[in-house]
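Novice: predicted model and sequence follow; I will ask about them next.
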Amino acid sequence: MATTLEAPVVRSGRRHRRRRATIVTAALAIIATCLFVLTMMVGSFYVSPIDVVTSVLGLRDDPTNDFIVRDLRLPTATAALAVGLALGLSGVVFQKLLGNPLASPDFVGVSSGASLFAVSSIVIFHASSAAVSGSALLGALLTALLIYVLAWRDGISGYRFILIGIGVSEFMLAIVGYVVSRAQLYEAREAMTWLAGSVGQAGAGELRALLVALVVLLPLALVLERPLRTLELGDDTAKALGSRVELSRLALLAVSIVLIGFSVAVAGPIMFVALIAGPIAVRLTGPSGSVIASALVGAVIVLAADLVAQHLLPTSLPTGVVTGIVGAPYLIWLLATVNREGRGG
Amino acid sequence: MTVTARAEAAPELRPTQRSRAALTTGFVVLVGLLAVVCFFSITMGARGVGLSTIWKAFDDYDPGNASETVIRELRVPRTLIGIFAGAALGLSGAILQGVTRNPLADPGIMGINAGAATFIVFGIMVLGTQSVSTYVWFAFAGAGVATVTVYGIASFGREGATPVKLALAGAAVTAILSSITSAIVMTNVSALNELRFWQVGALAGRYFPVFWQTVPFLALGIVLALGTGRALNGLALGEDLALALGQRVRLTRAIMFVTVAILSGAATAACGPIVFIGLVVPHLARMICGPDYRWILSYSLLLTPIVLLLADIVGRLIISPGELQVGVVIGVLGAPAFILLVRYRNLAEL
């Protein structure tokens, strides 16, 4: 009796949620695109939005605009977009996979491995910026591998992975702190700037690598979203539902770690984007469809933060300094308001 | 949310409660161990001293004798701060993990370190303060402001400060505060210079004034904390069951957060952000004594200062006559030990 009465209600509720998720995702995509174009418009020389679009798409030949837009501003804008997408995506995958809202890649050690390698190469070896990026990537991947190997015992439990990740992270950060406190002041300053993270420092090579990684891995992440949802229900349930638990978990971890590694190589460890993009997206869309939404939230945060850092502040600062100020108040507002409806957790 | 669901799904991971006699014996052993570690903390270092010198330093102090001065002015205050701050860090970690039912919760997620750091660099930038004794008040104020903000944000809405909201509010406030800190540090070189030493966390260079400034708060917090065991046991059953058992969940939660704020605010003010130890030692205590929070708290009270002082001693000896800050030692030696522990033992879920 009850079930026949409830079925249409449930179905319409589900349809309503799905519609909401689609609308929110589309809106986020539009906002991200607008910010992307806006990043290329403003600066010491204003370029109109139409000129930006025609120049990027190569529709018209205008050497001045082409130089400003394509050579000067496009790399930074692309880096902000790509880094934001990568951070938002891998953050939410980590949080869902490990079942903990605090389990972002920043927290679980991947970024701190990258930081240790990069800071050492700055302070000890006085490396060029390309070498710093390379060592950051190496550090991220090696650390992730180390955590995975250490956490492996007849499979990976989310809980063990997090704790070992924190242990590894703490180990790396202690050495980072030591290196920074022993460095010359100017080296410490350079190291701190790198540690804050900035999309403007991207070299062409690293950026291209990140873009390739995104083009390959973003669709893969969408394919893996279904196994991710079953994994969220717990291993036993996922197995009973026919998921190949270990394989999908490995694939998901690999996707997010590679994305984090490349984004750290491009822009340094921009903090908190991976941590707050997921919760913001979930609160905007409801529980469904949040992987792509979270990637877009990440892109919006990084693009907005870069605009603020470059143009709104009296002195231009690294992007990572501003991401917290741009993203966090929004999360706080969501925490304060959305919870009245009782679905904020 | 998910965390609680998992804890219920894996009851076999919960360690069994040990007998009262065994736990009491263990407690007495730990008291003895703490005394031994204190002795080594006073005697060992770049300048080794004997028992007779310690006696003489307090009974018949001769300001001209360098060994006696070292003991009175350096070793004893730093050992005392180590004991109190260590106990505070361990207790606040245990309470926070119990209240939020999140194994990742440490005072860092409440924004305490970020708040303290922000206020310190702000003090340096605006007032140009450069002494550890002044930092203490700034750090304390920052920790307090951060905690109150986090708790306030998390308490919005019908269901009050749930664990997930607390974790997220803590992360968000930390994000804002760290942004402010980095912005100041990037534009003010002297703030950067002070911050890079403060943020490692150290017991070195903390003299008696710092101890007297922080010890009233630390002592008050420790007393409050030791009284929360029963309430934490109730909360561990889940909010609904705790309510059904007649616990006033919101009130106890609020009291516990005040306690955590006092404890870790004062500890951070005294010796900088030493976080890892507050996260790990409660896990260790839970592994030894099982799920009863009254015992977990008592064991954390003793285990954390032991670990902290040991790390401090190692830091003094390892690159003697120089020193490695205790925060670095805890990270470099403590983290691998923790990893081994996690790998070869099943730690309890919360």
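Specialist: Nice, I can see it. Numbering: from 1, shown residues only, chains lettered A, B, ... in the order given.
Novice: when you work out contacts or count neighbours from here on, use the C-alpha atoms and nothing else.
Specialist: Will do.
Novice: okay but residue A:302 is in contact with residue A:80, surely?
Specialist: Yes: counting by Cα atoms under 8 Å, residue A:302 does reach residue A:80; the two are 5.7 Å apart.
Novice: for the stretch 1-150 of chain B, what spans make up the helices?
Specialist: With DSSP state H, counting those that start in this stretch as the criterion, the stretch 1-150 of chain B has helices at B:2-9, B:20-43, B:51-59, B:66-69, B:76-100, B:112-127, B:132-155.
Novice: for chain B, what's the nearest residue on the stretch 1-150 of chain A?
Specialist: residue A:99 (5.8 Å; Cα to the nearest Cα).
Novice: that residue: how many residues sit nearby?
Specialist: Using other Cα atoms under 10 Å in any protein chain shown, residue A:99 has 22 neighbouring residues.
Novice: quick one, phi psi at it?
Specialist: Per-residue torsions, residue A:99: phi 60, psi 40 (degrees, to the nearest 10).
Novice: how close does it sit to residue B:322?
Specialist: Counting by Cα to Cα, to the nearest Å, the gap from residue A:99 to residue B:322 is 44 Å.
Novice: next: residue B:287.
Specialist: 36 Å.
Novice: got any ranges where the chain has weak pLDDT?
Specialist: I'll assume chain A. Low-confidence segments of chain A, defined by pLDDT under 70, span residues A:1-7, A:102, A:107, A:154-158, A:242-243, A:287-289, A:338-345.
Novice: um, chain B though
Specialist: Within chain B, the ranges that satisfy pLDDT under 70 run B:1-17, B:46, B:48, B:104, B:109, B:129-130, B:157-161, B:163, B:345-350.
Novice: ok, residue A:176 - contacts?
Specialist: Neighbour list for residue A:176: A:115-116, A:119-120 [criterion: Cα atoms under 8 Å, 6 or more residues apart in numbering or on different chains].
Novice: ok, residue A:195 next?
Specialist: Contact partners of residue A:195, counting by Cα under 8 Å, 6+ apart, are A:115, A:119, A:268-270.
Novice: most surrounded residue in the residues you listed?
Specialist: Highest neighbour count within the contacts of residue A:195: residue A:268, with 32 neighbours (other Cα under 10 Å).
Novice: report the separation between that residue and chain B.
Specialist: Applying Cα to the nearest Cα, to the nearest Å, the value for residue A:268 to chain B is 14 Å.
Novice: residues near the residue lying closest to that residue once chain neighbours are set aside, how many?
Specialist: Nearest-residue entry for residue A:268: residue A:197, 4.2 Å, with adjacent residues in sequence omitted and distances by Cα to Cα, 6 or more residues apart in numbering or on different chains. For residue A:197, the neighbour count with other Cα under 10 Å is 24.
Novice: check residue A:153 too.
Specialist: Residue A:153: 12 neighbours (other Cα under 10 Å).
Novice: ok, now which ones touch the spatially most central residue of chain A?
Specialist: Nearest to the mean C-alpha position of chain A, counting by Cα atoms, centre = their mean, stands residue A:87 at 0.7 Å. The contact partners of residue A:87, taken as Cα under 8 Å, 6+ apart, are A:259-260, A:263, A:273-274, A:295, A:298.
Novice: ok, residue A:214 next?
Specialist: A:82, A:86, A:259.
Novice: and of these, the nearest to residue A:108?
Specialist: Minimum distance to residue A:108 across the contacts of residue A:214 is 14.8 Å, recorded for residue A:259 (Cα to Cα).
Novice: that closest one: which element?
Specialist: Here residue A:259 sits within helix A:245-267, counting by DSSP states H and E.
Novice: kindly export that helix (C-alpha atoms) in CSV.
Specialist: The C-alpha trace of helix A:245-267 is given here as CSV (Å, rounded to 0.1, in the frame of the first residue of the first chain):
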residue,chain,number,x,y,z
VAL,A,245,36.1,-2.7,-5.6
GLU,A,246,39.9,-2.8,-5.7
LEU,A,247,40.2,-2.1,-9.4
SER,A,248,37.8,0.9,-9.4
ARG,A,249,39.4,2.3,-6.2
LEU,A,250,42.9,2.1,-7.8
ALA,A,251,41.7,3.7,-11.0
LEU,A,252,40.0,6.5,-9.1
LEU,A,253,43.0,7.1,-6.9
ALA,A,254,45.3,7.1,-9.9
VAL,A,255,43.2,9.6,-11.8
SER,A,256,43.1,12.1,-8.9
ILE,A,257,46.7,11.7,-8.0
VAL,A,258,48.0,12.2,-11.5
LEU,A,259,45.8,15.3,-11.8
ILE,A,260,47.0,16.7,-8.4
GLY,A,261,50.6,16.0,-9.4
PHE,A,262,50.4,17.9,-12.7
SER,A,263,48.5,20.8,-11.2
VAL,A,264,51.1,21.1,-8.4
ALA,A,265,53.8,21.1,-11.0
VAL,A,266,52.0,23.9,-12.9
ALA,A,267,50.9,26.2,-10.0
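Novice: got the residues of the stretch 101-250 of chain A near chain B?
Specialist: Neighbours of chain B within the stretch 101-250 of chain A, by Cα under 8 Å from any Cα of the partner chain: A:101-102, A:150-151, A:153, A:160, A:163-164, A:167-168, A:170-175, A:177-178, A:180-181, A:185, A:189, A:192-193, A:196, A:234.
Novice: and these, which are buried?
Specialist: For those, a neighbour count by 16 or more other Cα atoms under 10 Å in any protein chain shown gives the buried set as A:101-102, A:150-151, A:160, A:163-164, A:167-168, A:170-175, A:177-178, A:180-181, A:185, A:189, A:192-193, A:196, A:234.
Novice: after the helix or strand containing residue B:278 comes which helix or strand?
Specialist: Secondary structure assigned from DSSP H and E places residue B:278 in helix B:276-289. Sequence-wise, the next helix or strand downstream of helix B:276-289 (DSSP H and E) is helix B:293-318.
Novice: after that following helix, which helix or strand is next?
Specialist: helix B:326-329.
Novice: pull out the buried positions in that following helix.
Specialist: Residues B:326-329 are the ones in helix B:326-329 that count as buried (16+ other Cα under 10 Å).
Novice: also stretch B:186-203?
Specialist: Using 16+ other Cα under 10 Å as the test for burial, stretch B:186-203 gives B:186, B:189, B:191-203.
Novice: show me which of those neighbour chain A.
Specialist: Restricting these to those near chain A by Cα under 8 Å from any Cα leaves B:186, B:189, B:192-193, B:196-197, B:199-200.
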